[in-house]
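# Curious how this folds, go ahead:
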Amino acid sequence: MSPLDFIRLFRSILSPSAVVDAAAIERMGLLAVKIAQMYAVRSDLLGREKCLELSGLLQKTKPLEAAEFQSRWDELAPAALRADLARLDEKPLAAASLGQVHRGALTNGREVVLKFAKRETREAFLRDVARFRQLLRVSLFFYPKLERLADPVDALETVERQTLREMDFTCEIEGTRRLAALAAERVGELPHLAKLHFPEFFPQYSHERFLVSGFVEGRTIKDWLDSGGLPYEALLDLFRIHGYYLFVRGEFHGDLHPGNVIWHEGQFWFLDNANIEKVPPEFGRGIFRMLVLLGGGDLRRAADELAALSMNPLPAARLAEFHSKFAALYRDFAGKTVSETSLTNQMMETVKMAVHCGITFPRGAFPFIKSLMYLDGMVLRAAPQARLLRDVARFADDFPSA
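Numbers count the residues shown, from 1 in each chain. Predicted coordinates:
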């Protein structure tokens, strides 16, 4: 990416009048796609319509041409898999920024999914990250407001860390095992965790750039939302399950967007589990307590819960300022539906306000907030008249430590 490409990228993302050209962003390279994906949840910053345009980059990029596909297959497919593969569908199930996914079957009849790296992108990606980091230093010097407006430095660091893990497909196996182990520890006490499942992997056929897993029957939450018919109670179940990771364990799927969850006959499968994010458990517990208090209209105690999460306690004067701004931000919030007041917008405005008042959040706070934003966005599409915070308060007994 050239400096001009970076300027074009951020203009297309941040300018209210600019139209998102997904194909143009993809041509700029992997870093451009990942940055666009990062801002696809920032409806507070960009507006809902632009975020919907950008969200297309989460799910669908241009697949490889037939000749390119054959070349990558010849290069990456392990010999053991070729010997045991009975069928390979030429048409991909999906094509994302890093990988392309095809359905197939083994000689024993097992239906499988084969995912392989579309291109060798690591060196180009790291080169673009270095260029972008240098450009940011210059941009922030001349335009410091950019840091408060879009927080590009933190966005770049998150993109770099997550993308490097996603490039190693074996991280998906590792992450899946971790999430499954955490659920197994508490499924006896929290039986709803039994609704959560994960794909089976075949390590004997997999390596860093090639991954084989069992085919999972069902449709993604994205597909359900696009076609309609997803029950609101299913999303509350998802909140309850994902809430265990967020609010109790402090370890969670770092990118649980609607395309990464399959819902089928009341059961859930988490996909693409490469990025497991972490926050201190007390952070998640404090956020849940704050959400419950907000749902009940207790703004004073809700503000206290958030202030208590700061890594550096606020002086009395700054704390008073924070309380005043918090009360103004959440005035008339209690009881509103998700269509009347977006939790996504409220949370991001809260984070910006809190940071300006001197609150410092731990690493992992943004992926945590992003998870809540994804859930809020799903509810907004499936049940716009829902009162989400009131409804999730019923799960307080699931998180007794919270």
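# give me the number of residues near the closest residue to Gly175 other than its chain neighbours?
Distances taken as CB to CB, 6 or more residues apart in numbering put Asn273 closest to Gly175, at 3.8 Å, once the chain neighbours are dropped. The C-beta positions use only the backbone N, C-alpha and C, and glycine is treated the same way. Look at Asn273: counted by other CB atoms under 10 Å, it has 23 neighbours.
# Could you tell me how far Asn273 is located from Val159?
Remark: distance between Asn273 and Val159 (CB to CB, to the nearest Å) = 18 Å.
# thinking again about what came up before, let me know the secondary structure of the residue nearest to Gly175.
Under DSSP: H, G, I helix; E, B strand; the rest coil, Asn273 falls in the coil class.
# for Ile173, same thing?
Once three-state DSSP is applied, Ile173 turns out helix.
# Grab the nearest non-local neighbour of it.
Phe201 (4.8 Å).
# Model confidence score at that neighbour, please.
Phe201 is assigned 97 on the pLDDT scale.
# Report the contact partners of the residue nearest the centre of the chain.
By CA atoms, centre = their mean, the chain has its centre lying nearest to Asp255, at 2.5 Å. Counting by CB atoms under 8 Å, 6 or more residues apart in numbering, Asp255 touches Gln162, Asp272, Asn275, Pro367, Lys370.
# So the most far-flung residue of the chain relative to its centre: helix, strand or coil?
The outermost residue of the chain relative to its centre, with distances by CA atoms, centre = their mean, is Ala83 at 36.4 Å. On the three-state scheme (three-state DSSP), Ala83 is labelled helix.
# how close does it sit to Gln70?
From Ala83 across to Gln70, the span is 18 Å (CB to CB).
# quick one: low-confidence parts of this structure?
43-45, 56-60, 140-152, 154-155, 400-402 (pLDDT under 70).
# Could you point out the longest helix of it?
Across the chain, the longest stretch assigned as helix under DSSP state H is helix 122-142.
# Please export the C-alpha coordinates of that one as PDB.
Output in PDB follows, covering the C-alpha atoms of helix 122-142 (Å, rounded to 0.1, in the frame of the first residue of the first chain):
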ATOM      1  CA  ARG A 122       2.700 -12.400   5.400                       C
ATOM      2  CA  GLU A 123       5.600 -10.400   4.100                       C
ATOM      3  CA  ALA A 124       3.500  -7.900   2.200                       C
ATOM      4  CA  PHE A 125       1.200  -7.500   5.200                       C
ATOM      5  CA  LEU A 126       4.000  -6.800   7.600                       C
ATOM      6  CA  ARG A 127       5.600  -4.400   5.100                       C
ATOM      7  CA  ASP A 128       2.200  -2.500   4.900                       C
ATOM      8  CA  VAL A 129       1.900  -2.400   8.700                       C
ATOM      9  CA  ALA A 130       5.400  -0.800   9.000                       C
ATOM     10  CA  ARG A 131       4.500   1.800   6.400                       C
ATOM     11  CA  PHE A 132       1.200   2.500   8.000                       C
ATOM     12  CA  ARG A 133       2.700   2.900  11.400                       C
ATOM     13  CA  GLN A 134       5.200   5.400  10.100                       C
ATOM     14  CA  LEU A 135       2.400   7.300   8.300                       C
ATOM     15  CA  LEU A 136       0.300   7.400  11.500                       C
ATOM     16  CA  ARG A 137       3.100   9.000  13.400                       C
ATOM     17  CA  VAL A 138       3.300  11.800  10.900                       C
ATOM     18  CA  SER A 139      -0.600  12.100  10.600                       C
ATOM     19  CA  LEU A 140      -1.100  12.300  14.400                       C
ATOM     20  CA  PHE A 141       1.600  14.900  14.700                       C
ATOM     21  CA  PHE A 142      -0.300  17.300  12.300                       C
END
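# Pretty sure Thr176 sits against Leu196.
No - here Thr176 lies out of contact with Leu196, judged by CB atoms under 8 Å, at a distance of 11.3 Å.
# What is the nearest of the contacts of Asp255 to His102?
Among those, Asp272 lies closest to His102 (CB to CB), at 15.7 Å.
# If we ignore the residues flanking it in sequence, what's nearest the closest one?
In space, Asp272 is closest to Asn260, 4.9 Å off (CB to CB, 6+ apart).
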